[in-house]
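> Here's my sequence, what's the structure:
(one chain, ligands or ions: 2)
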Amino acid sequence: MKISNTTDTSLNQYYLGIMSGTSLDGIDVALVSISKNENKTIFIAGEEFSFDDDLRKKILMLCETQTTSLQNLGEITSELSLAYADAINLFLIKQKIDAKQIRALGCHGQTVFHQPAGNNAFSMQLVDGAKIAANTHITTVTDFRSMDIALGGQGAPLVPLFHQGLVEQVQAGVSESMVFLNIGGIANISVVNPTPLSGFDTGPGNVLLDSWIYKISGKRYDKNGELSKKGKCNEKLLNLLLSEPYFDLTAPKSTGRERFNLAWLESKLTLLNQKISDADVMATLIALTCEPIIKALIDYPPGQLLVCGGGTKNKALMEYLKNALAQWQVKVTDDVGISADYMEAMAFAWLAHRCINRLVGNEPQVTGAKRAEICGAITQILN
Ligand SMILES: Nc1ncnc2c1ncn2[C@@H]1O[C@H](COP(=O)(O)OP(=O)(O)OP(=O)(O)O)[C@@H](O)[C@H]1O
Ligand SMILES: CC(=O)N[C@H]1[C@@H]2OC[C@@H](O2)[C@@H](O)[C@@H]1O[C@H](C)C(=O)O
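Ligands and ions are numbered 1, 2, ... in the order given. As a prediction, the model looks like this:
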């Protein structure tokens, strides 16, 4: 395909964003066009590539046991990076785009451990930029979180700055309150209005819902929230889950599978020592995802809540939010002209653009870093 756009192409550059998130559902690839004056990030195409089942299980095992050999760690990183490169190459073939047309790609990598506090803070994303660059012939940007952490920040969430830049593109216009909500494995919000920009990880998104349904049925997720809708929230269990200290921390804060995982949920169920049906566990997990989001919005005047990520497809989740936030306009971002499925992949294309152009990639008000800086590591090739 010859990439063209409605605007003057000499002012646009094309970037790819590659995201594989906490849910471990696969690799999202997005192609965007970014205008040089940076007013617009235009989504051109996107595709999701499923993980090879064996690779997915290996990564899941790594996240859940937090134990492996150095050889295994190296091999998984290599296999994963080759999978990213394959996905990119296949995507380019399908879209009939030449790699030379792409200014750079941003690949988030696979988070396997996130420890943003303490003397030895770090966030570990498995990805080998050289393997991707060598196999795609595209300048590759990775390691987006380390600079922010080196400056005392959480290294996450990074998308609020991207969300802020999208405001002018929201077809419904700006409202008094405008909040983006991503419900992926972990859920995070970006309050773009009222200013100043703020945002943080509210807690689990789909990660516990996925873990529980997998445990009881072998299904990867609760399609459309069908099982969750059959259940009833167990208040005792909900209160016990919400007593996790993370929920009372003030921002900046970020979290991941190292805190919210199946073992954590099972330990709480053991503590409760009460027979609860699987549907009720699911309904309670829906409430666990939604209540911290609702709490985060309590101090803002009702406005637009623009939801993206796989959680938008879970009817039980969306209905819970809509019922509890009756004064808010709860919308999927597609309804205002922005892809809900490729939001994060687009963000990493945009972050690659920021890095390549020596523009800051973090927002200290969100992450708590000492200052805004260029975020990302660039791997270049001769041809
Ligand atoms: N039809 C559906 N019904 C219910 N849930 C769904 C459906 N499709 C996807 N999901 C949920 O969305 C999840 C994937 O969401 P997404 O791709 O946004 O996560 P991610 O990118 O891995 O997460 P993160 O934002 O934490 O990095 C799945 O694991 C599943 O729980
Ligand atoms: C450490 C890490 O990978 N965090 C992810 C995760 O997935 C959602 C939430 O937790 C968010 O904080 C972040 O991703 C998005 C893309 C971010 O940095 O904004």
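> State the three-state secondary structure for P252.
Following DSSP: H, G, I helix; E, B strand; the rest coil, P252 is assigned to coil.
> if I pick it, what's in contact with it?
Contact analysis of P252 by Cβ atoms under 8 Å, 6 or more residues apart in numbering lists 153-154, 200, 366-368. C-beta: built from backbone N, CA, C; applies to glycine.
> Looking at it now. What's its pLDDT?
Looking at P252, its pLDDT stands at 98.
> Leaving out sequence neighbours, find the closest residue to it.
G368 (3.6 Å; Cβ to Cβ, 6 or more residues apart in numbering).
> Do me a favour and get the end-to-end distance for stretch 56-76?
For stretch 56-76, the first-to-last residue distance is 10 Å (Cα to Cα, to the nearest Å).
> same check, this time on stretch 218-230
Using Cα to Cα, the two ends of stretch 218-230 sit 18 Å apart.
> wait, does that stretch contact ligand 1?
Yes. Stretch 218-230 lies within reach of ligand 1 by Cβ under 6 Å from any ligand atom, at 221-225.
> Can you name the residues of the stretch 51-200 of the chain sitting close to ligand 2?
Contact residues (Cβ under 6 Å from any ligand atom) of the stretch 51-200 of the chain with ligand 2: 111, 114, 123, 156-159, 182, 184-186, 188.
> which pair in those spans the largest distance?
Farthest pair in those (Cβ to Cβ) is S123 and N182. Separation: 17.0 Å.
> For ligand 2, see how far away the residue nearest to P252 is.
For G368, the distance to ligand 2 (Cβ to the nearest ligand atom, to the nearest Å) stands at 13 Å.
> ok, now S177?
S177 sits 20 Å away from ligand 2, going by Cβ to the nearest ligand atom.
> Indicate the residue of the stretch 201-350 of the chain located nearest to ligand 1.
Closest approach of the stretch 201-350 of the chain to ligand 1 (Cβ to the nearest ligand atom) occurs at G310, with a separation of 1.9 Å.
> Hmm, N206 and that residue touching each other?
Yes. Assessed by Cβ atoms under 8 Å, G310 is found in contact with N206 at 6.1 Å.
> Identify the contacts common to the two.
Listed as contacting both G310 and N206 by Cβ under 8 Å, 6+ apart are 23, 183-184, 221.
> show me where pLDDT drops low in the stretch 51-200 of the chain?
Within the stretch 51-200 of the chain, no range satisfies pLDDT under 70.
> now the strands for it?
102-107, 110-115, 122-126, 140-142, 178-183, 186-193, 198-204 (DSSP state E, counting those that start in this stretch).
> The first one pairs with which strands?
With DSSP bridges as the test, strand 102-107 is paired with strand 12-19 (parallel), strand 140-142 (parallel).
> follow-up on the earlier one: would you mind finding the most buried of the strands of the stretch 51-200 of the chain?
strand 140-142 (a mean of 30; mean count of other Cβ atoms under 10 Å).
> Around the closest residue in space to K322 that isn't next to it in sequence, count how many other residues there are.
Using Cβ to Cβ, 6+ apart and skipping residues adjacent in sequence, the residue nearest K322 is V330, 4.8 Å away. Using other Cβ atoms under 10 Å, the number of residues around V330 comes to 18.
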